[in-house]
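Asker: Sequence first, predicted model second:
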Amino acid sequence: MKTKRLETDVLIIGGGTAGCFAAYTLGKEAGVSVLIAEKANIKRSGCLAAGVNALNAYITEGHIPQDYVDYAKKDAHGIVREDLLLSMSERLNHVTKVLDDLGLVILKDENGKYVARGNRNIKINGENIKPLLAEAAMSQDNVTVLERVNITDYIIEENEIKGAWGFNIEENVFYDIRAKAVLCATGGAAGLYRPNNPGFSRHKMWYSPFNTGAGFAMGILAGAEMTTFEMRFIALRCKDTIAPVGTIAQGVGARQMNSHGEIYETKYGLTTSQRLYGTVTENREGRGPCYLKTDEISAAQEQDLYRAYLNMAPSQTLKWLEGSRGPASENVEIEGTEPYIVGGHTASGYWVDNGRRTTVKGLFAAGDVAGGCPQKYVTGALAEGEIAAESMTKYLKNLNADSEKSNAIKEIETKIDNASILKKKEYEAHLTAEGKDSEDTFFITAEQLEEAMQKVMDQYAGGIATDYQYNEERLVIGKKRIGELLGMIDELKAKDMFELKDIYEVRERLIVCQTLIEHLRARKETRWHSFGENTDYPKESNQWLKYVNSKRKPDGGTEIIFRELVTGGKVYECTDFTE
Amino acid sequence: MSVRILQNKCVGCGKCLSVCPGNLLKKGEDGKVHIRNIRDCWGCTACLKECHTGAILYFLGADMGGMGSMLSVKEKGDVRIWRVDSPNGETKTIEINMKDSNKY
């Protein structure tokens, strides 16, 4: 394996929504070199590959940012960081204006004002939103994009970030990237649990199946503090295609109906988790399947739905057209997905301060990896990318002011150089000598471990199989099995660099699963039906109005830390966050 | 769901390679594009939109209720023309002006 060593001021890991916007923001800082390391290709990578139907986080006329904070807090039953939500909400309309200027089609009325859909959404044509963001990032003179490079580990020295290691997924190249500041923007974790379509269409899931929790795993391994993994996200979706239901529900006013023809959605409450729980319960009690009642819509509405889905979830339109089973003639069946860990929807992720600094010096987090700040959607991820970019600029200025400690720096450099050699050897040990399939590559494979992990999580950590429910005994069994699977990683063999990526992706997922299980065990209540349904403690309790945080211990175990809620007007301050 | 790459239409230009969010497409020794693992597609259709020879078609797996119809897309100025070809020879098209916002 060849080695490429790169130096940069800022390394952005992941060129998705938050990463691209951070790079775009850093474009204003001509003297700062920025490198984006992207596992795929930034034009269509991340969550926005197919497009997005609407901007779901916007402060519409007559509302203020605090309204958005209140909404997100209510939806999460209180477990949010209000300081983070407010700093995000204050920028939602500003980043939307930037998107407008970049060329995003946004529906406007005759006075040039954005047309709202409900209280917090605006209507767009978001099919090309990712190419627009990618172009905005790439066109900055100080931004370099490194595509097809999979980053697996941070370089850390005494709780300070020094860069990251990774490899090219096509060529035999090891990347040793040294950076003064790092932004983690890898997105959340999909594929932890057995999915709705476990066979041929296993990747037809809600979230990008290529978001494998790399950022969470790297942070966990580096000893960064994490928060609220136990608030899982489970989406209510169109059956089979896993396409959004909100476009139908909000667009044509379709309501949730069971097989008896009863509208059940108001029976269970209207938070995101309650809507899902309603459908799960109707099914469990024998009143499924459940539907969105669409059979009263007009032919014109049906055509508009076909178009809307082609611009974000094309499989749904194909399903409707194939066999002539459009929504005007057939109600749309709905189901819950498998659980995900994603800080853009729930509060899971890195524990950060208002500048999106993590507890590791020089490491920042934005978008779906950053915790405490749910309901981000696209615009919230952009806002966090911008906030993190501004914090990094400040951080670099302070760093440059006091960086004349030559001897100590040399010592650290040598230490890192040696660690780099070991990391490269670790990668090489997985590759078969001939670069071909061998007995080893057909024995225990990354795919096999992934399926085993998904089965364990499904059955023991509250997946679809148990209607998302779990208890202590199940979690303990799950923990043991996940640990055993993680122990098998070293033995996996890859015939090429793409397969090496597969190995590291299942490693990442297993590490996330370990932390997730510890969080599920730690919160001894049921605050969010389905998202976190502990059958040993089936009720919500005010004693649990606090954050469950975690940190990996040097021995590989997990330390659970409880922290008091950060509420109205207060800003979280902690000595762990270093300027 | 996944994509089917018509080998007789693929000219090996490689445009699709640079947009797959999962890096699933690669050029074979024959100079044509192949999918690494047909089960790994997310179904985003980014590759279809890049292909100017119409070599990439999109279909639903039978586990999603697919019955062999193929979805394709062509660009004409600001308009995207989506087309579904079913096995019995029926075709349906839907045009979307990309300057128009979604209604919902």
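Answerer: Received, thanks.

Asker: Only C-alpha atoms from now on, for both contacts and neighbour counts.
Answerer: OK.

Asker: Residue A:308 should be in a helix, yeah?
Answerer: Yes: assessed by DSSP: H, G, I helix; E, B strand; the rest coil, residue A:308 belongs to a helix.

Asker: gap between it and residue B:14?
Answerer: Residue A:308 sits 29 Å away from residue B:14 when distances are taken as Cα to Cα, to the nearest Å.

Asker: how about the helices of the stretch 101-250 of chain A, start to end?
Answerer: A:129-138, A:214-221, A:246-251 (DSSP state H, counting those that start in this stretch).

Asker: Quick check: phi and psi on the closest residue to residue B:31 other than its chain neighbours?
Answerer: Excluding the flanking residues, the one nearest residue B:31 by Cα to Cα, 6 or more residues apart in numbering or on different chains is residue B:12, at 5.6 Å. Main-chain dihedrals, residue B:12, degrees, to the nearest 10: phi 70, psi 30.

Asker: In contact with residue B:12, which residues?
Answerer: Residue B:12 makes contact with B:27, B:31, B:32, B:33, according to Cα atoms under 8 Å, 6 or more residues apart in numbering or on different chains.

Asker: Nearest spatial neighbour of residue 45, chain-adjacent residues omitted?
Answerer: No chain was given, so I picked chain A. Nearest non-adjacent residue to residue A:45, counting by Cα to Cα, 6+ apart: residue B:21, 4.4 Å away.

Asker: Not quite, go with chain B.
Answerer: residue A:50 is the one closest to residue B:45 (Cα to Cα, 6+ apart), at 6.4 Å.

Asker: What score does the one you found have for pLDDT?
Answerer: pLDDT recorded at residue A:50 is 89.

Asker: Could you do residue A:402 as well?
Answerer: 64.

Asker: that older thread, neighbour-wise, which of the contacts of residue B:12 leads?
Answerer: When these are compared by neighbour count (other Cα atoms under 10 Å in any protein chain shown), residue B:33 ends up highest, at 24 neighbours.

Asker: Next one, pLDDT for residue A:308 please.
Answerer: With respect to pLDDT, residue A:308 has a value of 91.

Asker: no no, residue A:97
Answerer: Residue A:97 is given a pLDDT of 97.

Asker: burial of it, as a residue count?
Answerer: Counted with other Cα under 10 Å, the neighbours of residue A:97 add up to 14.

Asker: Likewise for the one 3 residues further on?
Answerer: Other residues within reach of residue A:100, judged by other Cα under 10 Å, total 13.

Asker: Could you check which of residue A:308 and residue B:14 is surrounded by more residues?
Answerer: Neighbour totals were compared for residue A:308 and residue B:14, and residue A:308 leads with 29 against 18 (other Cα under 10 Å).

Asker: related to what we said a few turns ago, in helices, which of the contacts of residue B:12 fall?
Answerer: The members of those all map outside helices under DSSP state H.

Asker: Max pairwise distance over these: which two?
Answerer: Farthest pair in those (Cα to Cα) is B:31 and B:33. Separation: 6.8 Å.

Asker: Point out the residues in chain B that sit beside chain A.
Answerer: Residues of chain B found near chain A (Cα under 8 Å from any Cα of the partner chain) are B:1-2, B:18-23, B:39-46, B:59-61, B:63-67, B:69, B:71, B:84, B:86, B:92, B:94-96, B:98-104.

Asker: Among these, which are located in helices?
Answerer: residue B:46.

Asker: Buried by neighbour count, from the residues of chain B next to chain A: which ones?
Answerer: B:1-2, B:18-23, B:39-46, B:59-61, B:63-64, B:66-67, B:69, B:71, B:84, B:86, B:96, B:98, B:101-104 (16 or more other Cα atoms under 10 Å in any protein chain shown).

Asker: can you give me the strands for chain B?
Answerer: B:2-5, B:25-27, B:33-35, B:56-59, B:70-76, B:79-85, B:91-97 (DSSP state E).

Asker: before we move on, what about the stretch 401-550 of chain A?
Answerer: With DSSP state E, counting those that start in this stretch as the criterion, the stretch 401-550 of chain A has strands at A:469-470, A:533-534, A:546-552.

Asker: need those in a markdown table with mean neighbour count, can you?
Answerer: Output for these, formatted as a markdown table (neighbours: other Cα atoms under 10 Å in any protein chain shown):
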| stretch | mean neighbour count |
| --- | --- |
| strand A:469-470 | 24 |
| strand A:533-534 | 26 |
| strand A:546-552 | 22 |
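
Asker: quick one, which of these is nearest to chain B?
Answerer: Taking Cα to the nearest Cα, strand A:469-470 is the member of the strands of the stretch 401-550 of chain A nearest to chain B, at 25.8 Å.

Asker: strands paired with the closest one, and their directions?
Answerer: strand A:533-534 (parallel) (DSSP bridges).

Asker: Now do the partner strand, average pLDDT.
Answerer: Mean pLDDT, computed over strand A:533-534, is 98.

Asker: distance between it and the chain's centre?
Answerer: Strand A:533-534 sits 22 Å away from the centroid of its parent chain (Cα atoms, centre = their mean, to the nearest Å).

Asker: try stretch A:454-461
Answerer: The answer for stretch A:454-461 is 20 Å, by Cα atoms, centre = their mean.

Asker: Any chance you could list what contacts that stretch?
Answerer: Under Cα under 8 Å, 6+ apart, the answer for stretch A:454-461 is A:191-195, A:463-466, A:468-470, A:474-475, A:477-478, A:481-482, A:513, A:517.
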